[in-house]
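K.L.:
need coordinates for the following:
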Amino acid sequence: MEGGLLEEEKLIGGGEKTLEEEEEEEDEEKDDEEDEYDDEYDDEEMWLGFIERNYAQHHRHQRAVKIRKDEFDSKMEFFLWTEEKLLPLPREITLDILSRLPLDSILDCRLVCRTWRYLIILTSFADLHLRRRRHCGGLLLPPSPQHEYHYPSNADVGKVGFLFLTMEKYSHLYYGEYSEDENGGNRSYMTIDKINLSPFKKRPNTVAIVGSCNGLICSSIPCPFRIDDPIHIFNPITREFLYLPRFDIPYKYRKTIVNKRSYTDFYMVSGFGYHPSTDLYKIVRIFYCGEQQPTVGQVQVYTLGSYCGWRNKGEITYSLFRRSNGPSRGVLAEGALHWLDYKEWDIIAFDLAEEEFSLLPSPPCFSPSGSNNFQLQVLGGCLCVAHENVGESFDIWSFKKKTGEWESMFKITFRKGKPIDVHWPIVLTMSGELLLRYNSKHLVRYNPRTATLKKIADLTTGLASESFSLLLVEAIPHIHSFVSLKALEAKSKKRRRSEDDSD
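P.N.:
Prediction:
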């Protein structure tokens, strides 16, 4: 191989060709080089040969060297290494600048040149961009100490996003983004865009959202016997999607299910989340057979990129809450998924790192004898309980994990003589106001300083023309990101190789 590289250097430096011939040859080499970068080099030896040839082209007056396999993680890393001197600024500063741009501008930057395109594809860019979006998108997370140049992004300050489904003939997924006026004026505005991606193309109105985490969305479709199965993971920005293995009903329940006329006793609750300490994304599904007394749930966990499939985690006796129109999603807060136990009115947490269940203390609004109209949500990074006192008020309690106590966060009093309003919280804005879904179709903003509600948008305006109902559809907080499913898979492979080497 070394001889080949030296021979190539000699040919390039021969000096026997005219200037025009050399320019034509350079243009042809450039075109060939672009084609090579766009090809997928799955074969390891071919990939190493590709590196060595390009090393010679970029370092014509240096000695030929042998490049080892572990010097580069990807073709993008090698390309950026060879082009480093062509960047007007150091890579860290370029990444920092790009990560501050609005999403549409970043997507446009991918088309400017190959260097920027590969920079945006890098995992380090996805991580930096995600940190900014989470900090400026209503989650109020602290900046990462790993990035020296990390500051809030001016482009995204005051923007919060969420997902919602429409119950039409086919399921349609929409992304709504609310931008508030930083100066407290009336220049706030709302945008709604339809997400067109494979899991939601020409699907009946049975598709449901299980959860959204760091830009990745998990959705479910009914498997046989109307059991909602979380099998789709996708990113609407990178347009990557993954299909998980379908649920296989345990043999001991099949005869019971087939003989029943109603399948309401058989259901599944699920959740999707991420734990920062393990840097892993996990999907949890819990299958219930209603004939079992006491109620027993079969727990399974899937780790993205692990290639281990669904892992059985035993049984639980908690009666986790189920919805009539779709899966009961677990609410992700501080590295754990949370559900309501509808029999005991307890809050059950599943730690995504330890993969163990625990019981949280009940908030003061829980009353065994009262009307328990509750909803779990995450606001400002904390687990919250929204409680409606019919005809009186709407309260939100926030759980403080460090102290293990609940604190009153919001209290909205209903006006006397008015019809009962239905409010469900979606997300906090950067100014501390609360966005709520009002009577299913409208988006309103609650100002705790003035105790007033203001209508922002009609969620049905500009959507699909077919008639639909939003009465039973839940709005879910969401942030767009460049988190790549392919990168998660590669990271998992690298982690497994490291574990094998240590053994």
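
K.L.:
give the contact list for residue 99.
P.N.:
106, 125, 128-129, 132, 153 (C-beta atoms under 8 Å, 6 or more residues apart in numbering). (C-beta placed from N, C-alpha, C; glycine too.)

K.L.:
swap that for residue 190, please
P.N.:
Per C-beta under 8 Å, 6+ apart, neighbours of residue 190: 176-179, 443, 456-457.

K.L.:
for residue 387, same thing?
P.N.:
363, 365, 373-374, 394-397 are the contacts of residue 387 under C-beta under 8 Å, 6+ apart.

K.L.:
and the gap between it and residue 286?
P.N.:
24 Å (C-beta to C-beta, to the nearest Å).

K.L.:
what of residue 268?
P.N.:
For residue 268 relative to residue 286 (C-beta to C-beta), the value is 7 Å.

K.L.:
mind checking which of the contacts of residue 190 land in strands?
P.N.:
176-179, 443, 456-457 (DSSP state E).

K.L.:
most neighbours out of the contacts of residue 190, which is it?
P.N.:
Tallying neighbours with other C-beta atoms under 10 Å puts residue 178 at the head of the contacts of residue 190, with 24 neighbours.

K.L.:
pretty sure that residue contacts residue 434?
P.N.:
No: between residue 178 and residue 434 there is no contact under C-beta atoms under 8 Å: 11.5 Å.

K.L.:
joint contacts of those two?
P.N.:
Counting by C-beta under 8 Å, 6+ apart, nothing touches both residue 178 and residue 434.

K.L.:
so which residues of the stretch 401-503 of the chain form helices?
P.N.:
For the stretch 401-503 of the chain, the helices defined by DSSP state H, counting those that start in this stretch occupy 485-502.

K.L.:
so where do the strands sit in it?
P.N.:
All strands of the stretch 401-503 of the chain, identified by DSSP state E, counting those that start in this stretch, fall at 405-413, 423-428, 434-438, 442-447, 452-458, 476-477.

K.L.:
the stretch 101-250 of the chain too?
P.N.:
159-167, 171-179, 189-195, 208-213, 216-223, 227-235, 240-243.

K.L.:
how close does residue 343 sit to residue 378?
P.N.:
24 Å.

K.L.:
repeat for residue 407
P.N.:
Separation of residue 407 from residue 378 (C-beta to C-beta): 15 Å.

K.L.:
of the two, who's got more company?
P.N.:
In this view residue 407 and residue 378 are compared by other C-beta under 10 Å, and residue 378 has more residues nearby, 21 against 14.

K.L.:
the more buried one reaches residue 476, doesn't it?
P.N.:
No: when contacts are counted by C-beta under 8 Å, residue 378 is not listed as touching residue 476 (10.0 Å).

K.L.:
thinking again about what came up before, which one of the contacts of residue 99 has the most neighbours?
P.N.:
Counting by other C-beta under 10 Å, top hit in those: residue 129 with 27 neighbours.

K.L.:
could you check how far that one is from residue 452?
P.N.:
Applying C-beta to C-beta to residue 129 and residue 452 gives a distance of 35 Å.

K.L.:
export the strands of the stretch 101-250 of the chain as TSV, with columns for distance to residue 336.
P.N.:
Shown next, in TSV, are these (distance: least, C-beta to C-beta, whole Å):
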stretch	distance to residue 336
strand 159-167	21
strand 171-179	26
strand 189-195	27
strand 208-213	12
strand 216-223	16
strand 227-235	17
strand 240-243	23
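
K.L.:
residues touching the spatially closest residue to residue 241 that is not a sequence neighbour, list them.
P.N.:
With sequence-adjacent residues excluded and distances taken as C-beta to C-beta, 6 or more residues apart in numbering, residue 241 is closest to residue 234, at 3.5 Å. Residue 234 makes contact with 197-199, 216-217, 219, 240-242, 485, according to C-beta under 8 Å, 6+ apart.

K.L.:
ok, 7 Å please
P.N.:
By C-beta atoms under 7 Å, 6 or more residues apart in numbering, the contact set of residue 234 is 197, 199, 217, 240-241.

K.L.:
quick one: which of those residues is most hemmed in?
P.N.:
residue 217 (25 neighbours).

K.L.:
just grab the bridge partners of it for me.
P.N.:
Beta bridges link residue 217 to residue 212, residue 234, judged by DSSP bridges.

K.L.:
quick one: the helices in the stretch 51-200 of the chain?
P.N.:
According to DSSP H, counting those that start in this stretch, the helices that the stretch 51-200 of the chain contains are 75-82, 91-99, 103-109, 114-121, 123-136.

K.L.:
one more: the stretch 251-400 of the chain?
P.N.:
Under DSSP H, counting those that start in this stretch, the stretch 251-400 of the chain gives helices at 251-259.

K.L.:
can you list the domains in this structure?
P.N.:
Using the TED database, the domain parsing of the chain gives 44-144, 159-478.

K.L.:
mean pLDDT lowest for which of those?
P.N.:
Ranked by mean pLDDT, the domains of the chain end with domain 44-144 at the bottom, a mean of 66.

K.L.:
mind pulling up the pLDDT for residue 145?
P.N.:
Residue 145 is given a pLDDT of 34.

K.L.:
got it, and residue 42?
P.N.:
Per the predicted model, pLDDT is 41 at residue 42.

K.L.:
and for the closest residue to residue 389 other than its chain neighbours, the neighbour number?
P.N.:
Leaving aside its sequence neighbours, residue 389 sits nearest to residue 395 (C-beta to C-beta, 6+ apart; 7.0 Å). Neighbour count of residue 395, defined by other C-beta under 10 Å: 19.

K.L.:
tell me what residue 395 is bridged to.
P.N.:
Where residue 395 sits in a bridge, its partners, by DSSP bridges, are residue 387, residue 411.

K.L.:
what's the answer for residue 221, then?
P.N.:
Where residue 221 sits in a bridge, its partners, by DSSP bridges, are residue 229.

K.L.:
any idea how far it is from residue 329?
P.N.:
Counting by C-beta to C-beta - residue 221 and residue 329 are separated by 14 Å.

K.L.:
name the residue in those two with the higher neighbour count.
P.N.:
residue 329 (25 against 18).

K.L.:
who's in contact with that one?
P.N.:
210-211, 270-271.

K.L.:
let's see it at 6 Å
P.N.:
210-211, 271 (C-beta atoms under 6 Å, 6 or more residues apart in numbering).

K.L.:
ditto for residue 177
P.N.:
159, 161, 191.

K.L.:
closest to residue 248 out of the strands of the stretch 401-503 of the chain?
P.N.:
strand 476-477 (27.7 Å; C-beta to C-beta).

K.L.:
ok, residues contacting that closest one?
P.N.:
Here strand 476-477 has contacts from 162-163, 209, 212, 427, using C-beta under 6 Å, 6+ apart.

K.L.:
and if we set it to 7 Å?
P.N.:
Contacts of strand 476-477 (C-beta under 7 Å, 6+ apart): 162-163, 209, 212, 426-427.

K.L.:
name every strand pairing with it and say which way it goes.
P.N.:
strand 159-167 (antiparallel).

K.L.:
picking that back up, which pair in the contacts of strand 476-477 spans the largest distance?
P.N.:
It's 209 and 427 that sit farthest apart of these, by C-beta to C-beta, at 14.8 Å.

K.L.:
for residue 192, see how far away residue 166 is.
P.N.:
11 Å.

K.L.:
which one's more surrounded, the two?
P.N.:
A direct count of neighbours by other C-beta under 10 Å for residue 166 and residue 192 places residue 166 higher, at 21 against 18.
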